[in-house]
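*Asks:* Everything below, folded, please.
(2 chains, ligands or ions: 2)
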Amino acid sequence: MNIIEIKNITKKYGDFTAVNDISFDVKKGEVFAFLGPNGAGKTTTIKMLTTLLRPTAGEILLNGHNVMENPHQTRKSFGIVFQDPSLDNELTSYENMQFHAILYGLKKEVYEKRIVDLLNLVELYDRKDAYVKNFSGGMKRRLEIARGLLHSPTVLFLDEPTIGLDPQTRNHIWTYINNLNKKENVTIFFTTHHMEEVERIAQRVAIIDHGKILIIGTIEEIIQKAGAKNLEEAFITLTGSTIREEEVNVGKNQMRISNKLMR
Amino acid sequence: MTAIYILWLRQLKRFIRKKTSIVGALGQPIIFLLAIGFGFGPVYAKAGAGNYIQFLAPGIIVMSVLFTSIFTGLEIIWDKQFGFLKETFVAPVSRFEILLGKTLGGATVAMIQGILVFLISLVAGFRPHLASLPLAFLFLCLVAILASALGAAIAARLDDMQGFPLIFNFLVQPLFYLSGAIFPIKNLPSVLDVITRINPFSYGVDGLRGAFSGVYVFSPLLSLGVLFGVSILILAVGAYQFSKVQL
Ligand SMILES: Nc1ncnc2c1ncn2[C@@H]1O[C@H](COP(=O)(O)OP(=O)(O)O)[C@@H](O)[C@H]1O
Ligand SMILES: [Mg+2]
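*Replies:* Numbers count the residues shown, from 1 in each chain, chains lettered A, B, ... in the order given. Ligands and ions are numbered 1, 2, ... in the order given. This is a model prediction of the structure:
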């Protein structure tokens, strides 16, 4: 069964096409890696899948709901860890979790226990009353993952969840995520630039560049089709070796300006 | 409903935790009360208009509520920049509920600030009719809701704080100075007269002043109606703006 069906979606910013008529499906319970160089259109695609952006054209089904026509039901079905931070730094970790729980309509009896469980899972329970502004990058990321799982979503989106983290924390995070997929059958849709993370947990991979899907399949299929030794080499063979503009932490406005300059 | 509650609570927590900014925001009203209040007092009395502090205090209370409300509404821009608005927008909550939660949160915070200024004005010698405190409270609430909704509607259109000086100098300040907060709106040059009558906050200032002193320029029912009607209108505009926001 397909948990996500993407049919011919396109997203234009002005006359710049960030995502260009892409179509693919993700199966229920799958760990799906969505790869591509900076600026390829990964985040834009995830934003369309998660009701934050309206596609210029096309249709998306998520957990059986039409994302554009039925955003409310769609939103209950997924959890997300955004590429950029999205916590309230002026609140404690418990308060950030509680805010999310109440926003998602969870009952107090349910969320109190679940917050404790999840904070324990990401090893932040002893910091539950600490302000998020005092957290390290890794702690914030773990908290965001715990928060994304709070309302028991069917699909979890992770947009570069391990960016800027040390190998220990990355290892930890992928261990939770893998367990979650194995034990609770949560579908995982993630992006990353670390190919070893993909090789470790992904069942299928899509590579996108310049808003177009270049290839989709299992890791073995992709390596074979690209005639490469490993996934990293396949990735470079398919997307070329030119370095892309860094877009990490660039505000929306600056991004628009740099786009104008590039045209 | 619970979504509105948690959005409101977040705003309140953020406000209460910023103790220095609460005290800081009291600076301007205190300066107005002392410098303008006592400075213009003798001239005002000589003109036969009575005690200026009596006149000015309600205007200064509205000022603090107006500024705090609009700034709290504009905090949505920070939520956009720091990413927190994305967390709110992917939740199964309608944009209208988010707007209401933000507006009520901002209004509550502004009311707290307004009440603090009210207490300070008592120290400065303001002597209101206490019997009409509930009516005064109602007027102030409506001013707070109107201004928060306005701040939120503006914030929906902005991506960063660069437009802030423009909004502050060309919208917020004129709304305050042209509301009859610091001078009586009777016998004004006709252009000013028209502007003050169009400005919904004039009805807030007059309503509050009337509730405290018993003397109104506009009928209190008209003032309540204007504040209520304009609040609904701005909430509707805000809801539309919010529905258009893409992150
Ligand atoms: N709000 C926006 N306005 C204009 N262009 C944008 C906007 N957001 C993203 N882009 C552009 O769309 C392209 C795809 O961006 P994105 O989806 O963030 O890429 P990725 O996540 O794969 O790095 C980039 O060229 C980026 O600069
Ligand atoms: Mg991205």
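*Asks:* got the residue ranges for the strands in the stretch 151-263 of chain A?
*Replies:* Using DSSP state E, counting those that start in this stretch, the strands of the stretch 151-263 of chain A run over A:155-159, A:187-191, A:204-209, A:212-217.
*Asks:* With mean neighbour count as extra columns, can I get the ones you listed in CSV?
*Replies:* For the C-beta atoms, the positions are set from N, CA and C on the backbone; glycine is no exception. Below are the strands of the stretch 151-263 of chain A laid out as CSV (neighbours: other C-beta atoms under 10 Å in any protein chain shown):
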stretch, mean neighbour count
strand A:155-159, 24
strand A:187-191, 24
strand A:204-209, 22
strand A:212-217, 17
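*Asks:* Reformat those strands as JSON lines; add distance to A:Thr242 and mean pLDDT.
*Replies:* Output for these, formatted as JSON lines (distance: least, C-beta to C-beta, whole Å; pLDDT from 0 to 100):
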{"stretch": "strand A:155-159", "distance to A:Thr242": "23", "mean pLDDT": "97"}
{"stretch": "strand A:187-191", "distance to A:Thr242": "20", "mean pLDDT": "98"}
{"stretch": "strand A:204-209", "distance to A:Thr242": "11", "mean pLDDT": "98"}
{"stretch": "strand A:212-217", "distance to A:Thr242": "15", "mean pLDDT": "97"}
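*Asks:* a markdown table for these, including distance to A:Asp117?
*Replies:* Output for these, formatted as a markdown table (distance: least, C-beta to C-beta, whole Å):
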| stretch | distance to A:Asp117 |
| --- | --- |
| strand A:155-159 | 16 |
| strand A:187-191 | 19 |
| strand A:204-209 | 30 |
| strand A:212-217 | 35 |
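*Asks:* Can I get these in CSV including distance to ligand 2?
*Replies:* Output for the strands of the stretch 151-263 of chain A, formatted as CSV (distance: least, C-beta to the ion, whole Å):
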stretch, distance to ligand 2
strand A:155-159, 6
strand A:187-191, 7
strand A:204-209, 11
strand A:212-217, 16
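*Asks:* Kindly state the pLDDT recorded for A:Glu247?
*Replies:* We have a pLDDT of 52 for A:Glu247.
*Asks:* which residue is nearest the middle of the chain?
*Replies:* In the absence of a named chain, this looks at chain A. Central residue of chain A (C-alpha atoms, centre = their mean): A:Leu158, 2.4 Å from the mean position.
*Asks:* meant chain B actually
*Replies:* Centroid-nearest residue in chain B: B:Leu66, 1.9 Å away (criterion: C-alpha atoms, centre = their mean).
*Asks:* for chain A, which spans come out with low pLDDT?
*Replies:* A:245-263 (pLDDT under 70).
*Asks:* which stretches of it form helices?
*Replies:* Along chain A, counting by DSSP state H, helices occupy A:42-49, A:71-77, A:93-103, A:108-121, A:137-149, A:167-184, A:195-201, A:219-226, A:231-239, A:252-262.
*Asks:* and of the ones you listed, who's closest to B:Leu146?
*Replies:* Proximity to B:Leu146 (C-beta to C-beta) singles out helix A:93-103 among these, at 25.9 Å.
*Asks:* residues touching B:Ile53, list them.
*Replies:* Neighbour list for B:Ile53: B:33, B:37-38, B:41, B:121, B:124-126 [criterion: C-beta atoms under 8 Å, 6 or more residues apart in numbering or on different chains].
*Asks:* Point me to the residue sitting farthest from the middle of chain A.
*Replies:* No residue in chain A sits farther from the centre than A:Glu109, which is 29.1 Å out by C-alpha atoms, centre = their mean.
*Asks:* From A:Ala101, how far out is that residue?
*Replies:* With the distance defined as C-beta to C-beta, to the nearest Å, A:Glu109 ends up 11 Å from A:Ala101.
*Asks:* likewise A:Ser86?
*Replies:* 16 Å.
*Asks:* How far away from the center of its chain is stretch A:108-117?
*Replies:* A distance of 24 Å separates the centroid of the chain from that of stretch A:108-117, by C-alpha atoms, centre = their mean, to the nearest Å.
*Asks:* What are the contacting residues of it?
*Replies:* Residues from elsewhere that reach stretch A:108-117, judged by C-beta under 8 Å, 6+ apart: A:94, A:97-98, A:101-102, A:106, A:125, A:128, A:150.
*Asks:* Closest residue of chain B to ligand 1?
*Replies:* B:Gln246 (7.7 Å; C-beta to the nearest ligand atom).
*Asks:* And for that residue, the neighbour number?
*Replies:* When neighbours are counted by other C-beta atoms under 10 Å in any protein chain shown, B:Gln246 registers 10.
*Asks:* which residues touch it?
*Replies:* B:Gln246 sits next to A:52-54 when contact means C-beta under 8 Å, 6+ apart.
*Asks:* Where does it fall, secondary structure wise?
*Replies:* Using DSSP states H and E, B:Gln246 maps to neither a helix nor a strand.
*Asks:* Centre of chain B to the edge, which residue is at the far end?
*Replies:* Distance to the chain centre peaks in chain B at B:Lys46, reaching 31.1 Å (criterion: C-alpha atoms, centre = their mean).
*Asks:* Distance of that one relative to B:Ile36?
*Replies:* Using C-beta to C-beta, we find B:Lys46 at a distance of 16 Å from B:Ile36.
*Asks:* Ok, B:Ile154 next?
*Replies:* On the measure of C-beta to C-beta, B:Ile154 and B:Ile36 end up 27 Å apart.
*Asks:* okay, the two: which has more neighbours?
*Replies:* Counted by other C-beta under 10 Å, B:Ile154 and B:Ile36 do not tie: B:Ile154 has more neighbours, with 23 against 16.
*Asks:* which other helices and strands contact the helix or strand where that one lies?
*Replies:* B:Ile154 belongs to helix B:133-157 when assigned by DSSP H and E. When contacts are defined as 3 or more C-beta pairs under 8 Å, 6 or more residues apart in numbering or on different chains; DSSP states H and E, helix B:133-157 sits against helix B:52-81, helix B:95-123, helix B:200-213, helix B:220-244.
*Asks:* Please put the alpha-carbon coordinates of stretch A:209-218 into PDB.
*Replies:* Taking C-alpha atoms only, stretch A:209-218 is exported to PDB below (Å, rounded to 0.1, in the frame of the first residue of the first chain):
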ATOM      1  CA  ASP A 209      18.300  17.600  -9.000                       C
ATOM      2  CA  HIS A 210      17.200  20.900 -10.500                       C
ATOM      3  CA  GLY A 211      13.700  20.000  -9.500                       C
ATOM      4  CA  LYS A 212      13.600  16.700 -11.500                       C
ATOM      5  CA  ILE A 213      13.800  13.100 -10.200                       C
ATOM      6  CA  LEU A 214      16.900  11.600 -11.700                       C
ATOM      7  CA  ILE A 215      16.500   8.000 -10.500                       C
ATOM      8  CA  ILE A 216      14.500   6.000  -8.000                       C
ATOM      9  CA  GLY A 217      15.100   2.500  -6.600                       C
ATOM     10  CA  THR A 218      16.900   0.400  -4.100                       C
END
